[in-house]
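S.K.: fold the following, please.
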Amino acid sequence: MTCSILRLALSSWLPLAACLAAPAAMAAMDTDAAQALLKKSDCLKCHAVDKKKDGPSFKETAGKYKGKADAEQKLTAHVTTSPKVKIDGKEEEHPALKTKDKAEVQNIVQYILSR
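M.R.: Next comes the predicted model:
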C-alpha cells in the first residue's frame, strides 16, 4: 500500500514540477539588460519590437525562427558576425552587438525570439 501511495504522489508532482520549471527558464531572460544592450549597440536605429524599419521587427524575426531547432544558433551568428544585409537594394554590413559576453548575447537572442 505504501508503494501505491508513493507512486500516486510522484505521478501528481512530476507534471507540476515540469510546469514550474518552464517559467523559471524563461524568467532567466533579463528584459531590461537586453533593451539596454540593444540601445547601446544601436540596434534600435533599424529595428523595433513590432514595427518594420530598415530591418525587420523583432516580432517578425521571432516568427521567422519559431519552431526551428537552430533558431538560437542562427540568430546568435547574425548578431555577432556582422553579415552582409540588403537595405533599400544596397548591400551593407550588419553591425555586431557591442559585447563579446556570451551570456549577454544569449540574453539578446532570447529577448528577440520571445517577442
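
S.K.: what residue ranges in this structure score low on pLDDT?
M.R.: Within the chain, the ranges that satisfy pLDDT under 70 run 1-27.

S.K.: which residue sits closest to the residue nearest the centre of the chain, ignoring its sequence neighbours?
M.R.: The centroid of the chain falls nearest to Gln110 when counting by CA atoms, centre = their mean (1.7 Å). Nearest in space to Gln110, with sequence neighbours left out and distances taken as CB to CB, 6 or more residues apart in numbering, is Met29 at 4.6 Å. Bear in mind the C-beta positions are built from the backbone N, C-alpha and C, glycine included.

S.K.: the one you found: neighbour count?
M.R.: The number of residues packed near Met29 is 16, by other CB atoms under 10 Å.

S.K.: pretty sure it sits against Glu104.
M.R.: No. Counting by CB atoms under 8 Å, Met29 sits too far from Glu104 to count as a contact (11.4 Å).

S.K.: quick one: Lys100 is in a helix?
M.R.: No. Counting by DSSP: H, G, I helix; E, B strand; the rest coil, Lys100 is located in no helix; its state is coil.

S.K.: any idea how far Lys52 is from the residue nearest to Gln110?
M.R.: With distances taken as CB to CB, to the nearest Å, Met29 is found 23 Å from Lys52.

S.K.: likewise for Leu44?
M.R.: Spatial separation of Leu44 from Lys52 under the definition CB to CB is 13 Å.

S.K.: that older thread, how about the residue nearest to the centre of the chain, what does it touch?
M.R.: Each residue near Gln110 by CB atoms under 8 Å, 6 or more residues apart in numbering is listed here: 28-29, 34, 72.

S.K.: same check on Ile112?
M.R.: By CB under 8 Å, 6+ apart, the contact list for Ile112 reads 58, 61-62, 75.

S.K.: and stretch 104-115, how far from the chain's centre?
M.R.: Relative to the centre of its chain, stretch 104-115 is centred 3 Å away, using CA atoms, centre = their mean, to the nearest Å.

S.K.: quick check: buried residues in it?
M.R.: Along stretch 104-115, the positions that meet the burial threshold by neighbour count (16 or more other CB atoms under 10 Å) are 104-105, 107-113.
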